[in-house]
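coords please:
(2 chains)
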Number of protein chains: 2
Amino acid sequence: MEKELTKKRVYLFEEGDGTNKKLLGGKGAGLATMTQLALPVPPGFTITTEVCKEYNNKALPEGLMNEVRSAMNKVEEKLGRLFGDAENPLLVSVRSGAAISMPGMMDTILNLGLNDETVMGLFKQTKDERFTYDVYRRFVMMFGDVALSIKREKFDEIFEKYKDEVGVKYDHEMPVAVLKKVVKEFKELCERETGRPFPEDPWEQLETAIKTVFESWDNPRAIAYRNYHKISHDLGTAVNVQAMVFGNMGNDSASGVVFTRNPASGEDEFFGEYLPKAQGEDVVAGVRTPKPVSALSSDMPRVYEQLVNASKILEKHYKDVQDIEFTVERSEFYILQTRSGKRTGKAAIKIAHDLHQERIITKEEAIMRVTPEDIENCIFPAIPWEDEEKARYMDGDQTLTATYLGKGLPAGPGAAVGMVAFDADTAERMSKEKGLPTILVAPETSPDDFHGMAASKGILTMRGGMTSHAALVARQIGKRCIVGAEASGMKLTKKGGQKVLVSENGIEVFERDWITLDGFTGKVYVGELPIFVPEELPKELVVLLEWCDEVAEIGVKANADIPEQIRNAMNYGATGVGLCRTEHMFFGPDRLPIVQRMILAENEEERVKAVMELLPFQREDFKGNFEETGDKPLIVRLIDPPLHEFLPSEIDLVTEIYEAKLEGKTDEELRDKLVMLEKVRALKEFNPMLGFRGVRLCLFYPEIIEMQARAIFEAVIEHVKAGKKVFPEVMVPLVGMVKEFAMAKEIVDRIAKEVMEEQGVEFEYLVGTMIEVPRAALTAGEIVEAGAKFFSFGTNDLHQMTMGFSRDDVGKFLPFYIKKGILKADPFVTIEKDGVGRLMKMCVDEGRAADPKLEVGICGEQGGDPESIELCYQVGLDYVSCSPFRVPVARLAAAHATLKNKKN
Amino acid sequence: MEKELTKKRVYLFEEGDGTNKKLLGGKGAGLATMTQLALPVPPGFTITTEVCKEYNNKALPEGLMNEVRSAMNKVEEKLGRLFGDAENPLLVSVRSGAAISMPGMMDTILNLGLNDETVMGLFKQTKDERFTYDVYRRFVMMFGDVALSIKREKFDEIFEKYKDEVGVKYDHEMPVAVLKKVVKEFKELCERETGRPFPEDPWEQLETAIKTVFESWDNPRAIAYRNYHKISHDLGTAVNVQAMVFGNMGNDSASGVVFTRNPASGEDEFFGEYLPKAQGEDVVAGVRTPKPVSALSSDMPRVYEQLVNASKILEKHYKDVQDIEFTVERSEFYILQTRSGKRTGKAAIKIAHDLHQERIITKEEAIMRVTPEDIENCIFPAIPWEDEEKARYMDGDQTLTATYLGKGLPAGPGAAVGMVAFDADTAERMSKEKGLPTILVAPETSPDDFHGMAASKGILTMRGGMTSHAALVARQIGKRCIVGAEASGMKLTKKGGQKVLVSENGIEVFERDWITLDGFTGKVYVGELPIFVPEELPKELVVLLEWCDEVAEIGVKANADIPEQIRNAMNYGATGVGLCRTEHMFFGPDRLPIVQRMILAENEEERVKAVMELLPFQREDFKGNFEETGDKPLIVRLIDPPLHEFLPSEIDLVTEIYEAKLEGKTDEELRDKLVMLEKVRALKEFNPMLGFRGVRLCLFYPEIIEMQARAIFEAVIEHVKAGKKVFPEVMVPLVGMVKEFAMAKEIVDRIAKEVMEEQGVEFEYLVGTMIEVPRAALTAGEIVEAGAKFFSFGTNDLHQMTMGFSRDDVGKFLPFYIKKGILKADPFVTIEKDGVGRLMKMCVDEGRAADPKLEVGICGEQGGDPESIELCYQVGLDYVSCSPFRVPVARLAAAHATLKNKKN
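As a prediction, this is how the structure comes out:
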């Protein structure tokens, strides 16, 4: 039967298979469905997408027009009108309709079938000469523009000329006599431009229109749209030919649009508007102010009842909120189109939730209805865009246009507005002392800038990628953030001694000037845009995420270092901490001097002494963290960064020293700095990412991880003594060789034993490792055999090494690579599947072969990215771990991944 | 029969299987073989290694001593002497003998069987009282020391006391009466120390001695030796009990050592020495000057004849040069031991060559007899060490001891002696202007230092690893080189304004002081040591390497950039150039300013202009290279380093600018520097290894590789026009994604087509890629499908990324890692097998699956390392490519790899 169907090329609406969008296009399928649901749809037929594929060389396939004629006869019969008839003519619309909606990209011709004879018939039927000639004028112009490729402006010129002549302001004020002249002159224009008279034969008009629609599949605009949205160029469009109905035929006519539920709030309320005596396009154009759809209940009660009825039928049929176009022609109610209604994130969540509660959709369907963006838009502040691409936003009732400044990578979702501060201290001062909303704008950020970042509403950096320091910290503490803006030509410079941010086209932004960041898109605007700030998770989202948790076969933990972050993560539903970095335990202002003493120590004794001074700090840190995780596991990563990160940079020191010398300071006075410089130089590395850090450091200076292990276990014991059970997991970073892991584990186990013996208390713990060095992934089996109880993919470093990309430098060519299609996406956002994904799969398989109970997760930044979460599910991970504010999205994505990939 | 054999625990020499070293130990097997060849070996027997394994808790296995007694009876019968007899006593030696020789590590007891009764028998037989008591004295001391664990010094004290008392200088001057007292006092010492009388019963002596030898298998010295040489601790030692013969019984007695061929030159000449009236140990101890073995022909013609005869028999039997110990007791000739003779590299090669020519061994055996070190020692200069570990060297006839300064990584084999220069300019001036032999000593080197390196005899750097700039360049231009010496505590500092190299123990070396580098070991010595400099490849080596080429199933190419290097490589037998780097084509002093102009260009036009100025230079470079490769393939790698390598470093610029400012220069005067600094900062990278280089640069600035491709192809055409055929292969570096390769190939193909059309000449070429990014190895199939005709493993970068090791920084922890056994070897010297080797195998398999003709090689530094060459053979590579001076070693290693791994 399927096969037979594909042979048929023209389907009446009552014949088509409404589920076969591929063949009939979305619009055609909808019209078929509605017709078969006995809803009042103007009759018509659909020419399939197969014909579009066949169509080429400007000729329709043989015999197609015969099928079209026979379908048209059925339509004529149904309406009692004849196509091309001078008495009671049938007019039709000819519309495109692809399987995947491409709004506005392809062609449409309305009112087809009019000529100098049939126009008389239209007049006879309507008795409205103005209406009749207005329709005629519209048709000639549309046909000329779309089918004959005559520039629209040429028609407009003629029309404007007459308007001026007659002295009218609005189109509908044009006298009938003039309209007739306009039609004539339009036709002359067509003949002049094409060298042939305007086609009077309705069948010729129809054939031309059908070809035109097919050809529009390949217009440059449509191709670009498909490229952008990754839609196949092979799908083709269908053509829908449908009897015209007129909402503008008189006061008992109208056109309108209705949503079956409120698309902004998701409330179950009928929502829409209509215009009496108007065609659909008038509603959209906004020439007159439409009435709310509720007014229809008193204006046209019978129609309103039909509309409500139809809405209910359609929502039930499609199991989703519908966006319905309707027309009333002389009190006769018609539906012209139905489609799934676009909605805000908040509405999407509420609707999905409600539809399940109403037993219209299953829990799984409800989950699949919500996108990660819906949740993002729902939990983060947003600019109320009317049209984001055109930078048009709503400010109360007004639509305004924002001034675009530049663009970076959207590193922390949500919008922020504030006054510019060019360094962390200023940002903090402006925010804390003056109470000003602040945006920190800097070349890049470092751990030194944390206080300024924390005090700001948002962060904008010139350099860095999606996993730069600024990006990581921003996501972790839930700040809006845009990084790497220099790619769009923005730069930080000085003018008259003042720091200034300059855009590519020369706009200058000084300290305390207002700017707005859109962390969803990465765009930066001048000035103070309005921002809608959500309060807390909507209750429907809370419920929906619980459903997600029920369904998901991959868990969600959080990357969180301090109690506050862990608390946020737990509130958002994390099932544990997948990565607690301990770097901040060395960086705090009360600790850094001790750490520097440790590094500068001239012998082991001095070093051990300094290290042990850090113990009480870290023990308290861990104690606080375990307080928050409670009965959920906490994975602590041992010290990871290279030591030189704790010292000033060489270039800063050299600069400082020379500046002091220029001021007359002597070497003797600068002795401390010079000693520091020597150490900095000794520790300097060419490629610190691949240098002396992680487990390498841990083994070389075992006293550091001895101290860390002790701090963890002593903190554990305090909880155990207080009658609580906590679940510490100790993670060794940067392991590449099995013996590295084994030696680090030996130290941790030894300290655990010591602490237990000292305190006479037992506790449980696990030791595992990051998988971030490709060699570790390639030798996973032996690492498990050496006693690793868990793996956690450090996908930032794993991508850096597997792809040979330095995360901090990749900005120089990554945008170019993505543009050229060398890479599909930024691998620091979405896991690169074919290389890195393959390596992960190998690693998981071999690790589990050695120990089927091995727990495997991911703690790289990609752990919060839906596409990556799906990959993680596919390669068999137990959980993903992401920044706290990303947890809700990850829970949804985890459920999506499970539902999409479940093997049943 | 095998099984039955293993049950037997004691084998007479005439019974043992001389090929079963595992059971009988090396010495026992040799004695068995010689006995069975009817050579005059003093009779005896071997207790197997199996017994050693069984032996524990200080008790010999039950019944063993019965077997020993019965074997001893056979020996007694053969000699007509009785063990423990007071008339004609049999004395025996009890010696260890493991399967693998561990010289001096285990115990030996000579003259066993003596007591106060048997000593009288010995005297009766020899009629030499001094001899008799001297033997007795030696036995008691040796037994006391070895079997009773009494400190040797305690015996020495007693002996020295009597020597002082009597007033004699040499041991052999001691009067017999005193010797008797000494024996008595030795025995008293034993009783005092052990609490038991010295064992008079010869059987008790024997049992104790056997136990002692077994126990010596596990003495700390032996364990350390086995650990160092990676010998299994499970093998155990055999015990050899053999009748004593005495070379010191009178003037018709003698002891000597002979080599069947000259172990220094390999000449087929009888070589050795002997001492009349002496025991073997006296020859070794060097108390008297021995006579050349040739003297024996007149001194003891019958013995000489027997010796020559035995030598021939043994060399033929073992098919190798033998090192034979012999003793003459009262004109009776005995062989005590034979073993494969140690020889110099040169001798090893000549002997292997000659033995095959003499049809004693096969070609394959000849190849396997030569080691890579033999070739190295033969082609590079060397210090004539007498004992390298003790730093004792031969200077003419003298043995002197060198003063050790420190140690680094042996990055360029061979020894070099010269005067220290602390920078490249000084090195060049000292060498070129003053004609002084120079050693360049520097913290590290950069391309700027090339002239100084080229002018020096050797290079010593404080930092860097086996593939640092200094190491790479040194190997390529054939210089001795030691890098990373700071690991041994050496450092460069200043003293009184002068640069000075200071060793860990404070030795100071100033400019123009002499030092000597041993590039084989990485050790540095103070002063001017003698050096033996070989001239050209010995003719036997040339022949042997031809045999290697016949056998080898993996080829050897060279990494060579310029004509001179290519010429060297070809002379050494390379079959092509596996890697021609093009960096130097940008770095030359006539080019660098153009390159800098290219980098600093403000627009594409300026940049293209600068790039095209480089074309004629590069075309000439390639033309010269093709001149040398002729009909062999030349693989050219497109530009690889990041652009900032062509600019000064940030820190240097900042320093320079500030120094100028301190001298009063204004910003205006420093404008150029400041502009340069801005560019340098813009190009700066955190991890340049993983940054904007290789194909990334090639695609971003296609004009650069367009120029390079043009230069290659225009050079090709000049040769084609001159009637020659050359074989260019263009290699794209740093490919990670298939599209990178495809886009670069497209450019190269386009330029090839353009050049062919412009010149009307056709030529052949291939395009392939480096495999150095792990992701490329993981996606090899698709890169081949995109048209790559060859792969070349860039194992330096592949190791950097797969293991997460920055080659330039690894020095901070690599020595520690090797010491701790975390890594077996430096992966930048020997390919890491389990991780990187596995990845290579995957890559080769998948690449060949896509195209069975795919040519795969390696051009990383490891390509010259024998162990790595074997791995390359195992994973299926077609060739290795190494530095020119490494080619002979690689040809040997290629043959070795084939012979060892051939699947027949």
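
Using CSV, write out the CA atom coordinates for the strand or helix carrying A:Gln874.
Secondary structure from DSSP states H and E places A:Gln874 in helix A:866-875. Coordinates of each C-alpha in helix A:866-875 appear next as CSV, following Å, rounded to 0.1, in the frame of the first residue of the first chain:
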residue,chain,number,x,y,z
PRO,A,866,22.8,17.6,26.0
GLU,A,867,24.5,16.2,22.9
SER,A,868,27.4,15.1,25.0
ILE,A,869,25.1,13.6,27.6
GLU,A,870,23.6,11.5,24.9
LEU,A,871,27.0,10.3,23.9
CYS,A,872,27.9,9.6,27.5
TYR,A,873,24.7,7.4,27.7
GLN,A,874,25.7,5.7,24.5
VAL,A,875,29.2,4.8,25.6
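
Buried residues in the helix or strand following that helix, which are they?
Heading C-terminal from helix A:866-875, the first helix or strand you meet, by DSSP H and E, is strand A:879-882. Neighbour counts over strand A:879-882 (16 or more other Cβ atoms under 10 Å in any protein chain shown) mark A:879-882 as buried. The C-beta positions use only the backbone N, C-alpha and C, and glycine is treated the same way.

At the contact with chain B, which residues of the stretch 601-750 of chain A appear?
A:650-651, A:654-655, A:658, A:661-662, A:685-692, A:696, A:699-700, A:734, A:736-737, A:739-740, A:743 (Cβ under 8 Å from any Cβ of the partner chain).

List only buried entries from those residues.
For these, a burial check counting by 16+ other Cβ under 10 Å picks out A:650, A:654-655, A:658, A:661, A:685, A:687-692, A:696, A:699, A:734, A:736-737, A:739-740, A:743.

Just the ones of those in strands?
Among these, no member falls in strands (DSSP state E).

got the buried residues for the helix or strand harbouring A:Lys312?
When elements are assigned from DSSP H and E, A:Lys312 belongs to helix A:301-318. For helix A:301-318, the buried set under the neighbour-count rule, 16+ other Cβ under 10 Å, comprises A:303-304, A:306-308, A:310-311, A:313-315, A:317-318.

and what of stretch A:247-266?
Within stretch A:247-266, the residues that count as buried by 16+ other Cβ under 10 Å are A:247-250, A:253-263, A:266.

For the stretch 51-200 of chain A, which segments count as helices?
A:64-79, A:118-126, A:129-142, A:152-166, A:176-194 (DSSP state H, counting those that start in this stretch).

Let me see the mean pLDDT of the first one.
Helix A:64-79 shows a mean pLDDT of 95 in the predicted model.

other SSEs contacting it?
strand A:10-12, strand A:44-47, strand A:82-83, strand A:89-90, helix A:202-216, strand A:237-243 (3 or more Cβ pairs under 8 Å, 6 or more residues apart in numbering or on different chains; DSSP states H and E).

Make JSON lines out of the ones you listed and add mean pLDDT and distance to A:Pro538.
Listed next are these as JSON lines, based on pLDDT from 0 to 100; distance: least, Cβ to Cβ, whole Å:
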{"stretch": "strand A:10-12", "mean pLDDT": "97", "distance to A:Pro538": "43"}
{"stretch": "strand A:44-47", "mean pLDDT": "97", "distance to A:Pro538": "40"}
{"stretch": "strand A:82-83", "mean pLDDT": "96", "distance to A:Pro538": "52"}
{"stretch": "strand A:89-90", "mean pLDDT": "96", "distance to A:Pro538": "50"}
{"stretch": "helix A:202-216", "mean pLDDT": "95", "distance to A:Pro538": "41"}
{"stretch": "strand A:237-243", "mean pLDDT": "96", "distance to A:Pro538": "39"}
